[in-house]
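Trainee: Sequence first, predicted coordinates after that:
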Amino acid sequence: MSNRAVVVYSGGMDSYTVLHKALAEGKEVYALSFNYGQRHSKELEVAALVCAELGVSHKIVDISAINQLMAGSSLTSDIDIPEGHYAEESMKNTVVPNRNMVLLSMAIAYAVSLEAPEVYYGAHSGDHHIYPDCRPEFVHAMNAVAGIANYQAVEIVTPFLNSSKGEILAAGLAMGLDYSKTWTCYNGRVQACGKCGACNERLEAFAEQNTQDPLSYEI
């Protein structure tokens, strides 16, 4: 069986940890990032730098044309990014309609073309409250489809599906990872805002691990 694996790599700290976990497991990694018109496209620049540094094959696929079909989210439309914690109802406007089903479908197609049996995806428990397409029932259903949609079955690997952001960070710190090479903030400015749901969750994770976030913040 091929040792190749496609890693859906946004440039954020979760997928950064997943990328390194796949490498640590000896996988021949093919990183895949998507420009879907997200306002925090700075994450793609970070992803490209990391992959170049690691010598990992990396594709950034421009699917921004489908932005017109995925409207209504503050990440892709002209809607203010809400501030506060993910548990707040206001955070639901950061949901991009059907995003992960679309991205995983393309990652599966890429895996089939490479004869790679696995797609790594960084869903985690901190996203379960707000994002339906990060929940275990979604992942398990997509995994079932990935097994029958092509002549070659593909497995969706989610090593942190039931882990918190803090637990992911702990795993990465144990691997000696440098999280200054990640971008989390939903606002793609020079510094992270420190107020959006993504920043709040990231800062909480670092606080849980009693360590300093290496990124600089506007607050």
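Mentor: Alright, I've got the coordinates.

Trainee: close enough to count as contact, residue 168 and residue 16?
Mentor: No: with contact defined as CB atoms under 8 Å, residue 168 does not reach residue 16; the gap is 9.4 Å. All C-beta atoms are positioned from the backbone trio N, CA, C, and that covers glycine.

Trainee: neighbour-wise, which of the two wins?
Mentor: Taking other CB atoms under 10 Å, residue 168 and residue 16 do not tie; residue 16 has more neighbours (27 against 24).

Trainee: So the nearest residue to the more buried one once chain neighbours are set aside versus residue 28, what's the distance?
Mentor: Leaving aside its sequence neighbours, residue 16 sits nearest to residue 182 (CB to CB, 6 or more residues apart in numbering; 4.7 Å). Separation of residue 182 from residue 28 (CB to CB, to the nearest Å): 23 Å.

Trainee: neighbour-wise, which of the two wins?
Mentor: Higher neighbour count among residue 182 and residue 28: residue 182, with 24 against 14, using other CB under 10 Å.

Trainee: The more buried one is in contact with residue 11, isn't it?
Mentor: Yes: at 6.6 Å, residue 182 and residue 11 qualify as touching, with contact defined as CB under 8 Å.

Trainee: Overlap in contacts, the two.
Mentor: Shared contacts of residue 182 and residue 11 (CB atoms under 8 Å, 6 or more residues apart in numbering): residue 46.

Trainee: what does the helix or strand hosting residue 16 rub up against?
Mentor: Applying DSSP states H and E as the criterion places residue 16 in helix 13-24. With CB under 8 Å, 6+ apart as the test, helix 13-24 has contacts from 5, 7-9, 29, 31, 47, 50, 54, 56, 120-122, 124, 157, 159-160, 165, 168-169, 171-172, 175, 177, 179, 181-182, 184, 202, 205.

Trainee: Next, the buried residues of stretch 24-39.
Mentor: 27, 29-34, 36-39 (16 or more other CB atoms under 10 Å).

Trainee: repeat for stretch 97-104
Mentor: 99-100, 102-104.

Trainee: burial count for residue 211?
Mentor: When neighbours are counted by other CB under 10 Å, residue 211 comes out with 13.

Trainee: who's in contact with it?
Mentor: Contact partners of residue 211, counting by CB under 8 Å, 6+ apart, are residue 173.

Trainee: SS state for it?
Mentor: Of the three states, residue 211 takes coil under DSSP: H, G, I helix; E, B strand; the rest coil.

Trainee: pLDDT score for it?
Mentor: Note on residue 211: pLDDT of 97.

Trainee: how about residue 6, secondary structure?
Mentor: Classified using three-state DSSP, residue 6 is strand.
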